[in-house]
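Asks: Sequence plus the predicted model coming up.
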Amino acid sequence: MPRIGKLLLAPLVVAVLLGGLYCLNHLSSPSRPKEPGDSKPVLANTEYEWPVTDREQPLPGVLVEPPKPPRDAVPPVIRHLTTLIGQMGQSRAVSSIALAADGKLMAVGGQDSIARCWDLTTGGEVRSFLGHEMEVSSVALSRDGKRLVTGSGDASARLWDIATGKEIRAFRGHTAGLTSVALSSDGKWLATGSWDKTARLWDPATGKVVHVLSEHTDSVTSIALSSDGKWLLTGSFDKTARLWDTATGKEVRVLQGHDHYVAAVAFSADDQWLVTGSFDKSAKLWNLAGECVRTFQGHSKWVDAVALSADGRRLITGSIDNTARIWDLATGVESCVCHGHTGPVRAVALAASGDRLITGSSDGTTRVWHAASGRELCRLISNREVPWIVFDAEGRYDSGGKEKGHVEGLEWFFRSEPISQTELRDRYYDGGLLAKCLGFNNEPLRRAEPRR
């Protein structure tokens, strides 16, 4: 063989040998020895992890033995089933979350082109909204909780009646997918932002566009309307955020200071402060004069979602680093980090009570956290074929099946042993689990009975 051929072949041979040794090592690795006491289930999917407690925890899926943990490891992890997540429509990614003004209704937009509304007082999904042809990238709720606005990658926004689930009106005119939607408190304005580098202000009553805002030089990534409807805030890949007068459609202020794309924007409840999140891994607080008052740094990757608490004292950020963080707005000090998502956190919202944080992620889950400690309380998943499921770390669950506690189309296991739906329901079903975790239902959580 020519010398040049031997030189080129050598690295390939080394790679093959190393690959073979890696496979041999993993194939010959002994399975984790069985822990004393209750057996603990592990579900196949390395993307969705949740440290288990001392109790056995049932979750839907097919079980595999986990790798042997290090000597000082915490208990083994629970993992969702890969095929389950594949068939869970919305679980491919949660794109957006919106809460009604009274905090009792939640809207969630997903990659499966469906928006869903949840009644948080009962803890159940109440309606799905189908009509978009691509991902529902953004959702917004009217102040009275009777109307839903959705924005999609199909370049349209739609207005829905929540009570009936019927589409009231479609808003078309953008030449590229929508990234963000907003609805003013008085219902006068519907705003949209798009990859086509524009934001638009529409009349919700007629569906006609009133203003096209085209000063940005790159895609508009996020928009927010002030509570009085007088101002629109937009963020863009041109590294700026801009403040607009909704009555005239004129640009009022340009916020410059980020070193990279602006991915998220928000107003404070009193409309006196503006917040931006950026690919430069920071969030910034601005006054209406366009001056940066404070910078919040701590995320290891870009900030993709921002929100402010109703009392104006806390900032919530979601990041591609898979975490959500809560900050003291006055000092800039980070007060809480929520770890657990296994994909980018794309949406954040603080519950009306102020003590619960809700996040949505590309990992396919919407999760509820204790805002003071960062402890995960429960998570929920919706899909096209299988009813919604809410479950917590102890194994308790609630579901939307035709029969209470029965989840059609899913199999449940304890280690490698399947468990019947009847036994599962008797031991772990806890109706209204989501409402209990959010504080709308004061009944105690049921005791999760261990199965030995």
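Replies: Looks like it came in fine.

Asks: Against Gly400, how distant is the residue nearest the centre of the chain?
Replies: Closest to where the C-alpha atoms of the chain average out (Cα atoms, centre = their mean) is Gly360, at 1.0 Å. According to Cβ to Cβ, to the nearest Å, Gly360 and Gly400 sit 18 Å apart. Heads up, the C-betas are built off the backbone N, CA and C, glycines and all.

Asks: before we move on, back to that, need the three-state assignment for the residue nearest to the centre of the chain.
Replies: strand (DSSP: H, G, I helix; E, B strand; the rest coil).

Asks: same check, this time on Leu424
Replies: Going by three-state DSSP: Leu424 is helix.

Asks: so what's the residue nearest to the centre of the chain bridging to?
Replies: Ala347, Thr366 (DSSP bridges).

Asks: Contacts only, for it.
Replies: 94-97, 108, 345-348, 366 (Cβ atoms under 8 Å, 6 or more residues apart in numbering).

Asks: surely Asp363 meets Thr342?
Replies: Yes: under the criterion of Cβ atoms under 8 Å, Asp363 makes contact with Thr342 at 4.5 Å.

Asks: who has more neighbours, those two?
Replies: Asp363 (25 against 18; other Cβ atoms under 10 Å).

Asks: buried set for stretch 124-133?
Replies: Within stretch 124-133, the residues that qualify as buried are 124-125, 127-129, 131-132, counting by 16 or more other Cβ atoms under 10 Å.

Asks: List the ones among these that fall in strands.
Replies: When DSSP state E is applied, the buried residues of stretch 124-133 are split such that 124-125, 127-129 fall in strands.

Asks: Out of those, which is nearest to Thr179?
Replies: Nearest to Thr179, judged by Cβ to Cβ, of these is Phe129 at 18.7 Å.

Asks: ranges for the helices of the stretch 301-450 of the chain?
Replies: For the stretch 301-450 of the chain, applying DSSP state H, counting those that start in this stretch gives helices covering 421-428, 433-438.

Asks: Can you say which of those is nearest to Arg143?
Replies: For Arg143, the closest of the helices of the stretch 301-450 of the chain is helix 433-438, at 20.0 Å, according to Cβ to Cβ.

Asks: Okay, now the unreliable bits of the stretch 201-350 of the chain?
Replies: Scanning the stretch 201-350 of the chain for pLDDT under 70 picks out no residues.

Asks: From Leu433, how far out is the nearest residue to Ala100 once chain neighbours are set aside?
Replies: The shortest distance from Ala100 to any non-neighbouring residue, by Cβ to Cβ, 6 or more residues apart in numbering, is to Gly145 (3.9 Å). For Gly145, the distance to Leu433 equals 22 Å [Cβ to Cβ].

Asks: ok, the two, which is more surrounded?
Replies: More crowded of Gly145 and Leu433, by other Cβ under 10 Å: Leu433, with 27 against 19.

Asks: tell me the contacts of that one?
Replies: With Cβ under 8 Å, 6+ apart, Leu433 has these contacts: 123, 378, 390-392, 396-398, 445.

Asks: Repeat the analysis, applying 7 Å as the threshold.
Replies: Leu433 is in contact with 123, 378, 390, 392, 396-398, counting by Cβ atoms under 7 Å, 6 or more residues apart in numbering.

Asks: Could you report the pLDDT at Leu12?
Replies: Listed pLDDT for Leu12 reads 40.
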